[in-house]
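Trainee: Model the structure of this input:
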Amino acid sequence: MTREPLIPNLWNIRQLYENKMFEIPVYQRPYSWDAENVTILLNDILNSFNERKTVKSYYTGNVIIRENDTKTDGNIKAYDIIDGQQRITTFTLILLCLHSLFARICKNQNDPIIFDVKRLLWQHSATRYPEKEFPSLKLNSIEKEAFSVVYDYAFDNPKELYKFASNYECKSDYEKRVIENFKLVYNTLQETVCENENNLLDYASYVIEHINFINIECTEHVNKVFSIFESINSKGKPLEEIDKIKCYIFSELDEDSYKLCLKQWGDLIIKTRDNLYDYLMVYIRAYIKYYRQNITLINFKTIAYEEMKRHFNKDNLCDTFKALLEDMVNKVKYYNMLSDIEELKKLYDNHKLRMYFRLFAGYYKHPKPLFFRTFIDFANNKISGEDFVEIFVTITNFMIESLTLLSRDSKDVITMFSKILSTIYDNGIQLATIKYFVAKESVKSNITKDLLQYSIINYDAYSHKNISVPLLALYEAYNESTGKVSYDQADVLTSKFSESFSLDHLLVQTPEPDDNDYKYYCNFEDGYETLCLKPGNDFPEKIQNGMPYDDFKSQVLNKFGNMRIYYRDKNSSRQNNAIELKEYGKFTKYSDITDREKEIVSFLIEKILTIPTVNQSDEPKKAKKSPTKLPKMDELINAGLISIGDKIYLTVSPEDSEATLTSPTTVDYKGQSMTLNQWGQTVTGWTSIQIYRYVCVSGETETLNDKRTALSDENLE
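Mentor: Take a look at the predicted model:
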């Protein structure tokens with residue numbers, strides 16, 4: 001007798017936890033419920049508890065579990081949580097808080113409810129008593145250490161659990177989420193149900209007996225779990241794209257590959273600090289296809305069937321996805337270099353590179369695939385260190401000029417990077433080619449010295465320190481006598497900015513009204529700050545008496561000419577005695593700002609933010625398109641490669657697209673006759689479709705386009 005693939009049960013907390021050890025698989029995403037999610041759950045439970053005479057139970061959602069092969073003792077069964085990890089983790093925190101509050105409040109520690117809660121938190125083997133080595137829930141992602149430490153401490157010393165958790169030093173935001181949610185649950189229960197010992201015990205009893213789940217035990221092979229998971233979730237709150245893509249990938253794998261691939265997926269979640277979706281996009285754009293939009297499940301399927309199989313030289317999706325995961329694991333350290341300067345230094349410790357990394361510093365997302373590819377090619381000795389740095393400098397300068405200083409639209413930048421990466425797929429990284437595309441885009445975007453000068457002069461440097469501090473550091477580190485920038489000094493100024501240095505106004509922000517050195521001051525009246533000008537000031541006409549003081553600061557005081565990097569205090573000066581910062585005379589007039597501003601602007605435009613010129617000889621050669629005309633459907637039928645009456649499907653939606661070919665141009669789909677293109681548009685929702693690229697005969701993976709190409713090659717022979 002075959003077992004049903006999904007066995008649903010209405011279980012309460014006792015039935016869910018009793019004699020079971022749950023494990024959240026490593027491939028699942030970290031615990032993500034925030035304070036709002038937890039508060040809503042606690043309020044719902046409390047309302048239901050307060051109305052328990054009329055409301056007998058509270059239903060809190062579905063849980064999908066699958067028995068795993070973990071060895072346990074006695075009658076304990078081990079399960080993976082396929083869906084419901086957020087709820088089960090939160091309810092485990094609730095049980096831990098109840099266990100701790102019992103220890104602090106209840107005089108009779110032998111009460112059956114107290115013992116019940118402990119037996120739900122820790123299972124027992126040979127004895128009837130809970131054992132520490134059998135916790136009911138084990139996490140496996142980034143937050144697992146914090147959860148495990150708190151869980152273990154609760155067994156030995158529940159009375160001091162809140163104090164222990166409050167003093168725990170979290171290593172990540174994910175650990176902090178576990179700790180903060182534990183404290184939130186504890187404080188909420190203490191405020192709402194701990195008015196006396198009996199009320200707390202009644203609440204605990206209600207939670208155990210009357211909080212219900214639809215528990216679904218999945219008995220399918222593991223490769224079917226993901227399609228079931230996707231199907232169930234598609235009818236509720238939408239899954240995130242990375243979860244949909246995960247379900248799709250694992251539904252295509254063979255069972256022998258599951259254990260390794262699941263571990264690889266989990267490792268990628270941890271190593272990217274739950275940024276796996278971003279890493280996947282960066283990887284695909286760097287190596288397979290520069291997809292302009294965010295990658296969804298639909299276009300991921302398209303990329304997988306077309307470019308990804310070809311890139312990895314595989315015949316089927318199973319082998320393609322195994323190759324993808326393996327390569328992503330091998331290259332993940334280079335992805336982390338995009339946001340971690342210490343990791344980048346391990347690859348190439350160069351002061352100029354570090355300075356430009358601080359300017360890039362993750363603020364610009366579009367260059368990430370190119371930089372990622374550059375890191376890897378440098379590590380494999382495909383480009384020199386000099387070219388490596390120059391690529392980073394060229395691209396970062398362009399992003400600062402185009403998107404930051406001139407506020408250009410990012411869609412043109414996307415086009416430029418698409419062209420660069422498309423060339424790299426065929427020819428590898430070439431510095432000259434990258435400079436050519438940047439120069440072409442600079443001309444197209446009208447990036448000129450005059451326009452940059454105007455933008456820098458009017459830039460609010462104080463309000464945008466992420467850009468202004470590195471640029472000012474480069475200016476401060478410039479030696480006029482040698483004509484060179486000390487990137488070492490600039491790197492120190494930038495890296496130790498918050499610790500030892502600060503951004504200092506030369507013309508002070510708020511002089512005293514009676515200070516005769518300054519021809520302005522801030523007047524505060526009726527809650528408003530306005531500018532007061534004194535006779536003899538040299539401000540331009542646009543600076544008017546009575547204007548909002550914030551506008552005055554933005555237009556005058558916060559400009560590059562009035563900003564300098566300086567020691568935060570005297571100790572900073574002594575600690576950094578190798579750094580010689582320029583001293584400036586006392587700034588009292590607007591002309592002092594404009595004079596210094598001319599020097600800074602000239603330096604930045606001539607020495608740093610240089611605009612590359614177009615060298616036509618560096619234009620990459622375009623690949624010649626094959627003039628071969630591919631055969632049409634009637635020719636495929638005549639060749640016996642497909643027949644009228646065959647079942648066919650679309651590769652982007654194999655489970656919901658099967659149709660019958662009724663003529664060379666029409667199909668029958670769900671009882672309706674339509675053209676091939678209409679069928680493709682109906683299934684995908686696309687406005688147009690290259691039908692040959694996505695159609696396969698049922699039982700085959702070779703597309704009609706593959707058949708056309710093969711037939712064309714045979715005819716040529």
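
Trainee: Gly699 falls within a strand, correct?
Mentor: No - using DSSP: H, G, I helix; E, B strand; the rest coil, the assignment for Gly699 is coil, not a strand.

Trainee: Report all helices and strands that the longest strand seen in the chain contacts.
Mentor: Counting by DSSP state E, the longest strand found in the chain is strand 58-67. Here strand 58-67 touches helix 35-50, strand 77-83, helix 85-105, strand 211-218, helix 222-233, going by 3 or more CB pairs under 8 Å, 6 or more residues apart in numbering; DSSP states H and E. Any C-beta I mention is one placed from the backbone N, CA and C, and that applies to glycine too.

Trainee: okay, those in TSV with distance to Glu583 next?
Mentor: Below are the helices and strands packed on strand 58-67 laid out as TSV (distance: least, CB to CB, whole Å):
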stretch	distance to Glu583
helix 35-50	50
strand 77-83	64
helix 85-105	57
strand 211-218	69
helix 222-233	64
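
Trainee: Need those in CSV (columns: mean pLDDT, mean neighbour count and distance to Glu655).
Mentor: Output for the helices and strands packed on strand 58-67, formatted as CSV (pLDDT from 0 to 100; neighbours: other CB atoms under 10 Å; distance: least, CB to CB, whole Å):
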stretch, mean pLDDT, mean neighbour count, distance to Glu655
helix 35-50, 92, 16, 32
strand 77-83, 85, 20, 19
helix 85-105, 94, 22, 26
strand 211-218, 86, 20, 18
helix 222-233, 57, 18, 8
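
Trainee: closest to Thr613 out of those?
Mentor: Thr613 lies closest to helix 222-233 among these, at 51.9 Å (CB to CB).

Trainee: who are the neighbours in contact with the residue nearest the centre of the chain?
Mentor: Nearest to the geometric centre of the chain sits Asn275, at 3.5 Å (CA atoms, centre = their mean). Not one residue lies near Asn275 by CB atoms under 8 Å, 6 or more residues apart in numbering.

Trainee: what's the answer for Leu189, then?
Mentor: Leu189 makes contact with 42, 94, 97-98, 101, 200, 203, according to CB under 8 Å, 6+ apart.

Trainee: Among those residues, which one sits closest to Glu67?
Mentor: Closest to Glu67, out of all of these and judged by CB to CB, is Ile94, at 24.9 Å.

Trainee: Setting the sequence-adjacent residues aside, check what's closest to the closest one.
Mentor: Counting by CB to CB, 6 or more residues apart in numbering, Val185 is the residue found nearest to Ile94 once chain neighbours are left out, at 5.5 Å.

Trainee: picking that back up, look up how far Tyr248 lies from the residue nearest to the centre of the chain.
Mentor: As judged by CB to CB, to the nearest Å, Asn275 and Tyr248 stand 20 Å apart.

Trainee: Can you tell me which of the helices and strands packed on strand 58-67 is nearest to Lys352?
Mentor: Comparing the helices and strands packed on strand 58-67 against Lys352 with CB to CB, the closest turns out to be helix 35-50 (43.9 Å).

Trainee: Can you tell me which helices and strands the closest one packs against?
Mentor: Applying 3+ CB pairs under 8 Å, 6+ apart, one finds that helix 35-50 makes contact with strand 58-67, helix 85-105, helix 173-192, helix 197-210.

Trainee: got a markdown table for those, with distance to Glu401 too?
Mentor: Listed next are these as a markdown table, based on distance: least, CB to CB, whole Å:
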| stretch | distance to Glu401 |
| --- | --- |
| strand 58-67 | 51 |
| helix 85-105 | 44 |
| helix 173-192 | 34 |
| helix 197-210 | 60 |
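
Trainee: Of all those, which one comes closest to Cys696?
Mentor: Smallest distance to Cys696 across the helices and strands packed on helix 35-50 (CB to CB): 30.8 Å, for strand 58-67.

Trainee: Tell me the helix or strand right after the helix or strand of the chain with the lowest mean pLDDT.
Mentor: Ranked by mean pLDDT, DSSP states H and E, the weakest helix or strand in the chain is helix 570-575, scoring a mean of 52. Downstream of helix 570-575, the next assigned helix or strand under DSSP states H and E is helix 590-603.

Trainee: what's the following helix or strand after that following helix?
Mentor: The helix or strand immediately downstream of helix 590-603 is helix 633-638, counting by DSSP H and E.

Trainee: Next, the buried residues of that following helix.
Mentor: Of the residues in helix 633-638, 633, 635-637 count as buried by neighbour count, 16 or more other CB atoms under 10 Å.

Trainee: And for stretch 519-532?
Mentor: Buried-residue list, stretch 519-532, by 16+ other CB under 10 Å: 519-522, 530-531.

Trainee: got a list of what Val697 touches?
Mentor: Applying CB under 8 Å, 6+ apart, the residues near Val697 are 642, 646-648.

Trainee: can you do 6 Å?
Mentor: 642, 646, 648 (CB atoms under 6 Å, 6 or more residues apart in numbering).

Trainee: Partner strands of whatever helix or strand the last one lives in and their direction?
Mentor: For Ile648, the host element (DSSP H and E) is strand 647-650. Its sheet considered, strand 647-650 pairs with strand 659-661 (antiparallel), strand 695-697 (antiparallel) by DSSP bridges.

Trainee: one step back: so what's the residue count around the residue nearest to Ile94?
Mentor: The local packing count at Val185 equals 22, with neighbours defined by other CB atoms under 10 Å.

Trainee: do the same with Arg693
Mentor: Using other CB under 10 Å, Arg693 is surrounded by 18 other residues.

Trainee: Over to Lys56?
Mentor: 11.

Trainee: SS state for it?
Mentor: Using three-state DSSP, the secondary structure recorded for Lys56 is coil.

Trainee: Please apply the same query to Asp274.
Mentor: Three-state call for Asp274 (three-state DSSP): coil.

Trainee: in the longest strand of the chain, what counts as buried?
Mentor: For strand 58-67, a neighbour-count test (16+ other CB under 10 Å) marks 58, 60, 62-66 as buried.

Trainee: Same check on stretch 464-480?
Mentor: Those buried within stretch 464-480 under the rule 16+ other CB under 10 Å are 467-478.

Trainee: can you check stretch 424-436 too?
Mentor: Quick answer for stretch 424-436 (16+ other CB under 10 Å): 424, 429-431, 433-436.

Trainee: same thing with stretch 143-159?
Mentor: For stretch 143-159, burial by neighbour count (16+ other CB under 10 Å) applies to 143-147, 149-151, 153-155, 158.

Trainee: from these, which ones fall inside helices?
Mentor: Of the positions in the buried residues of stretch 143-159, 144-147, 149-151, 153-155 sit in helices, assigned by DSSP state H.

Trainee: which one of those sits closest to Tyr459?
Mentor: Of all these, Ala146 has the smallest distance to Tyr459: 42.8 Å, by CB to CB.

Trainee: per-residue confidence for the residue lying closest to the closest one once chain neighbours are set aside?
Mentor: Nearest residue to Ala146, sequence neighbours excluded (CB to CB, 6+ apart): Glu175, at 3.7 Å. Glu175 is assigned a predicted lDDT (pLDDT) of 90.
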